[in-house]
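> Okay, here's the prediction I keep looking at, along with the sequence it came from:
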Amino acid sequence: MDFRRRNYREETTLSFRLLLLFFSLLCFFPAELDSISDIKSAAGSVNNIEIPVGVIVDEGSWVGKTVEISISIAISDFYELNSHYKTRVVLHTRNSEGDPLRTLSAALDLLENNKVKAIIGPQTSSETKLLAILCNKAKLPILSFTTTPSSFKEFPYFVRVAQDERTQFKGIANVVESFKWRNVILIYEDSDYGRETITSLVDSLREKNIHVSYKSAIFYNGNDDLQIIEELHKLMTMQMATIIVHVSSSQASLLFLIAKKLGMMSKGYAWIVTDRTINLLHSLDPQVIESMQGVLGFKSYVPLSVEMRKFSSRWKKEFYYTSDPYVELRELNVYGLWAYDAIFAVAKAVEKIGVEVSQSEKQTSTLNLTDLGSIGSSQTGTKLLNQILTTRFKGLSGEFEFTNGRLMTKAFEIVNVIGNGERRVGIWEMGNGSKGALEAIIWPGMSTKTPKGLVIRASGNKKLRIGVPVKRGFTEFVKVAIDPSTNAISVSGFCIDVFTAATKDLEDELDYEFVPFADASGKSAAGSYNDLIYQVYLQVCLFSVMVVSVAQTMYNFRRNEKRNMWIFLKPLDTYLWLTSASFFILTGFVVWVIEHPINVEFQGSIAHQIGTVIWFSFSTLVFAHMLILTSSYTATLSSLLTVQQIDFALKGNQIGYQLDGVFVRQGIYNNFKFREEYNSSEDYADALKKGSKNGGVDAIIDEIPYIKSFLAKYSADYAMISSDSTTNGFGFVFPKGSPLVPEISRAIAKLRQEGKLTEIEDVWFRNNTRSSSTIMRQRDYYSSTISSPNILNLDSFREKKYWDHDSNAYEKMSGGPSTELIESLFVQFDMPFCTDSLATQ
């Protein structure tokens, strides 16, 4: 038994050793095979021409790591596919650490010691601009993944292996326009790059009639974020909520973290970021991505392909083997694809002029580092540049082709930041715009409704203070009541109901309170309308206030019995009388010339002939072609004889007006000596009934809405005359530039269209009328004002033919005296403009 156990253990140990040997051979042979292939490749490349190319990247950054790995894979792939090429690109890599001076030093070292024929990199605008100047002097092509400097004519050796920002900016402007946002805020990097590119973005927005309300320049040096906090606080006070961000990914990270803390990533805001941030979204910290939820971004478009998927898989493996094991593996970004394609472009160009590049190495002079101005120029740099710019092929990033030193851009992805990444919602193409409608977008605050481009809030998130004037009369418009026991404030009236209904129609709910503009007693106003408006200027309150519209005069009827014996001449003016008489005489003369030789009636003595001519001339008044003149004359004369003319002598008569009137009061004081102040419709009626001789007044001057309210009760005995239209109706006053102005205007227009404004009016005014028969519709409003008939003149008949053709032409074209023609697009509403609002005689 022990012998069997011993044999079993020995067999087991032997099997385990054989298994270890087998795995060791598996691990050994691939490495040996790779070494053998490397030896064969080296042996086969003995006669190849080596062309040195410099690579300058920040190896500590995510973009630098991505580019370095991609370039390494690209060199291997290119010469595996093109093993027959006579040239071989040899890379010389330098670490810039993101420092412009280190970048310049590395470039000089590559030129001096490695005699490089081109440089790939770097990745920041400050580094690139220094190298662009250096390479322009040395006539050495530089391929960079940044978009600055933008001038190809100034720096012809600068080749941008990145999509054109101007195309992206046009796409952003197109998207902003599609959402009907008319005001935006721009946040850009406070650097030469930011200031240079923001101009192009502003121009693209202006082409779409989009106003840039504010431009905010931010800069973070890694130590103090106070400047960003102050800028965001400033943006919050502007209440504009459409914000376009064009900064680096590092600055965007801090920006959105602070914005979320300040509540600017909530419902109502709309954030749009450019590819500078969204291209590196997966390299950002999860906390940053979480703070960017709902952001809309423009991302460099890369068409999906099998080759790109395979490369991404290989890139991840290479990253895993070559990077620090403690570094988190992240997604491949577009910079890696551009770097891969850039190596292919350089390698193809080098192969075409390989012999010339090799021979030029011997002719390159030594650099004098103490005199950079004496740097010599490459003899083949221009040829190599031209070959690179004319290279065209289908790469991993799509069609790889240059135009004016820029990588040709055809499309951008529109993505929505959701969850741990982004979701494509559309594609924007140059020349074609968006491909169809954008998919559903989740906006900040997890809202599915498109923001309106503004956020309505008071400073410190307090309630909006709506100031209300305290009036002693006409309380159907605004009434302020204070409970003496609880001091509770109750505000009601037509204006209040309109404001409440308009705010309910807004997408964003308003948190507001009504604040009476009253003195300590609470019964009287604390000042004039001007004082109340000044409170808005000081932004003490955002309030609704009645703005008067039209000054009108209202009189008690007194029939003027005076008559003039020459009144029959008044229907026509002097020129029309003379013109008509001239035509009569001319007509008679022409008839006399024709009839005199053959008609005995037109013969005889001179007196007889003149009498006949005059008789015949006036007989034409009954002819058909004279009916227009005669009928017009008859109608005008009838009006002059029957209309109740008012003979109001200013001297010695009393004028009444409203004590709380805005515009009228000052005019009364300046133009009338005898005046009385009243507060309500009842006061008006009592004063007019008494007349001036009995302690009352003979006329009331007030604004249209108040007079209409009066006539709704006392239309049987009074009428309006002598209107002078200046502004329209009541309205709400807001601080200059308030985003509420267009929103409230649209809400009131909607109330009018839906008939809700009429319903509110009915609640406050319809019940005050005596009967439905006394109600006058809007189109009859102007006929209710009493004025002298218009005297006919030559101009009246010049247009007569048009009106006679269709007497209702105007009403057919405009639907009657349309409110759209009367009202201006201000935050206003006019109670009398609704139908069935006026009472008449």
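Yes, it's here.

> My read is that residue 58 contacts residue 66, right?
No. Look at residue 58 against residue 66 with CB atoms under 8 Å: they stay out of range, at 11.0 Å. Placement of C-beta: from N, CA and C, glycine included.

> who's more crowded, the two?
residue 66 (27 against 23; other CB atoms under 10 Å).

> Quick check: the more buried one touching residue 337?
No. The pair residue 66 / residue 337 is not scored as a contact, 9.3 Å apart, by CB under 8 Å.

> Residues touching the host helix or strand of residue 254, excluding its own?
In this structure, residue 254 sits in helix 249-261 according to DSSP states H and E. Identification of contacts with helix 249-261 by CB atoms under 8 Å, 6 or more residues apart in numbering yields 187, 189, 218-220, 225, 228-229, 232, 245, 247, 265, 271, 273, 276-277, 279-280, 283-285, 287-288, 291-292, 295.

> what does the helix or strand following it contact?
Beyond helix 249-261 on the C-terminal side, the first helix or strand identified by DSSP H and E is strand 270-273. With CB under 8 Å, 6+ apart as the test, strand 270-273 has contacts from 172, 175-176, 179, 181, 241-246, 252, 259, 265, 292, 294-298, 443-444, 450-451, 453.

> Could I have the CA atoms of strand 270-273 written out in CSV?
Taking Å, rounded to 0.1, in the frame of the first residue of the first chain, the C-alpha atoms of strand 270-273 are listed here in CSV:
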residue,chain,number,x,y,z
ALA,A,270,-28.9,75.4,-21.4
TRP,A,271,-25.1,74.7,-21.6
ILE,A,272,-23.3,74.2,-24.9
VAL,A,273,-19.6,73.1,-24.9
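
> and it, what's its mean pLDDT?
Averaged across strand 270-273, pLDDT comes to 96.

> Okay, now the sheet partners of that strand, with direction.
Paired neighbours of strand 270-273 in the sheet (DSSP bridges): strand 242-246 (parallel), strand 296-300 (parallel).

> buried ones in the first one?
Yep, that's strand 242-246 we're talking about. With burial defined by 16 or more other CB atoms under 10 Å, the residues of strand 242-246 counted as buried are 242, 243, 244, 245, 246.

> do the same with stretch 109-125
Neighbour-count burial for stretch 109-125 [16+ other CB under 10 Å]: 109-111, 115-125.

> Closest to residue 166 out of the residues you listed?
For the buried residues of stretch 109-125, the residue nearest residue 166 by CB to CB is residue 125; the value is 15.9 Å.

> Next, give phi and psi for the closest residue to the closest one other than its chain neighbours.
Leaving aside its chain neighbours, residue 125 sits nearest to residue 193 (3.6 Å; criterion: CB to CB, 6 or more residues apart in numbering). The phi and psi values for residue 193, taken as degrees, to the nearest 10, are phi -60, psi -50.

> Same question for the one 5 residues further on.
Residue 198 adopts backbone torsions of phi -70, psi -30, taken as degrees, to the nearest 10.

> Just to check, residue 417 is in contact with residue 281?
Yes. The criterion here is CB under 8 Å, and residue 417 meets it with residue 281 at 6.9 Å.

> Residue 481 looks like it's in a helix, true?
No. Assignment of residue 481 by DSSP: H, G, I helix; E, B strand; the rest coil gives strand, placing it outside any helix.

> so who does it touch?
Contacts of residue 481 were listed using CB under 8 Å, 6+ apart, and they are 489, 490, 491, 492.

> Where is pLDDT lowest across the residues you listed?
In terms of pLDDT, the least confident member of the contacts of residue 481 is residue 489, at 80.

> how far away is residue 198 from residue 249?
Distance, residue 198 to residue 249, by CB to CB, to the nearest Å: 18 Å.

> in the helix or strand harbouring residue 513, what's buried?
Assigned by DSSP H and E, residue 513 belongs to strand 512-517. Within strand 512-517, the residues scored as buried using 16+ other CB under 10 Å are 512, 514, 515, 516, 517.

> Counting by contacts, list what the following helix or strand past it packs against.
Downstream of strand 512-517, the next assigned helix or strand under DSSP H and E is helix 529-537. Under the contact criterion of 3 or more CB pairs under 8 Å, 6 or more residues apart in numbering; DSSP states H and E, helix 529-537 touches strand 464-469, strand 512-517, strand 543-545, strand 730-733.

> CA atoms of the first one as PDB?
In this case it means strand 464-469. Included here for strand 464-469 are C-alpha records, laid out as PDB according to Å, rounded to 0.1, in the frame of the first residue of the first chain:
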ATOM      1  CA  LEU A 464     -39.800  88.600  -6.700                       C
ATOM      2  CA  ARG A 465     -41.400  91.800  -5.300                       C
ATOM      3  CA  ILE A 466     -44.300  92.900  -7.400                       C
ATOM      4  CA  GLY A 467     -45.100  96.600  -6.600                       C
ATOM      5  CA  VAL A 468     -48.800  97.500  -6.700                       C
ATOM      6  CA  PRO A 469     -50.100 101.100  -6.800                       C
END
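
> name the helices or strands packed onto that strand?
When contacts are defined as 3+ CB pairs under 8 Å, 6+ apart, strand 464-469 packs onto strand 512-517, helix 529-537, strand 543-545.

> try 10 Å
Using 3 or more CB pairs under 10 Å, 6 or more residues apart in numbering; DSSP states H and E, the elements in contact with strand 464-469 are strand 479-482, strand 489-492, helix 494-504, strand 512-517, helix 529-537, strand 543-545.

> What score does the residue nearest to residue 125 have for pLDDT?
The model's pLDDT for residue 193 equals 80.

> Test my guess that it contacts residue 219.
No. Between residue 193 and residue 219 there is no contact, the gap being 11.4 Å when judged by CB atoms under 10 Å.

> Would you mind telling me which of the two has more residues around it?
Using other CB under 10 Å, the more surrounded residue of residue 193 and residue 219 is residue 193, with 24 against 12.

> Which helix or strand in the protein has the lowest average pLDDT?
strand 838-839 (a mean of 27; mean pLDDT, DSSP states H and E).

> Most widely separated two among the buried residues of strand 512-517?
512 and 517 (15.1 Å).

> Report the buried members of the contacts of residue 481.
The neighbour count (16+ other CB under 10 Å) marks 489, 491 as buried among those.

> Pick out whichever of the contacts of residue 481 sits closest to residue 404.
Among the contacts of residue 481, and counting by CB to CB, the member closest to residue 404 is residue 491, at 64.7 Å.

> Excluding sequence neighbours, find me the nearest residue to that closest one.
residue 514 (4.3 Å).

> which residues sit in contact with the one you found?
Applying CB atoms under 10 Å, 6 or more residues apart in numbering, one finds that residue 514 lies in contact with 465-468, 478, 480, 489-492, 496, 499-500, 541, 543-544.

> if I look at it, how far off is residue 71?
Separation of residue 514 from residue 71 (CB to CB): 68 Å.

> same deal with residue 338?
Relative to residue 71, residue 338 is positioned 10 Å away (CB to CB).

> Would you check that residue 677 makes contact with residue 656?
Yes. At 7.6 Å, residue 677 and residue 656 qualify as touching, with contact defined as CB under 10 Å.

> These two: which has the busier surroundings?
Neighbours per residue (other CB under 10 Å) separate residue 677 from residue 656, with residue 656 holding more: 22 against 13.

> does the more buried one count as helix, strand or coil?
Following three-state DSSP, residue 656 is assigned to strand.

> Taking the contacts of helix 249-261, please make a PyMOL selection of just the buried ones.
Selecting only the buried entries of the contacts of helix 249-261 in PyMOL, with 16+ other CB under 10 Å as the criterion:
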select buried, resi 187+189+218+220+225+228+232+245+247+265+271+273+276+277+279+280+283+284+288+291+292+295
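
> Out of the contacts of helix 249-261, list just those in helices.
228, 229, 232, 276, 277, 287, 288, 291 (DSSP state H).

> and the residue lying closest to the fourth one once chain neighbours are set aside, backbone torsions?
So that's residue 276. For residue 276, ignoring the flanking residues on the chain, the nearest one in space by CB to CB, 6+ apart is residue 248 at 5.8 Å. Per-residue torsions, residue 248: phi -70, psi 160 (degrees, to the nearest 10).
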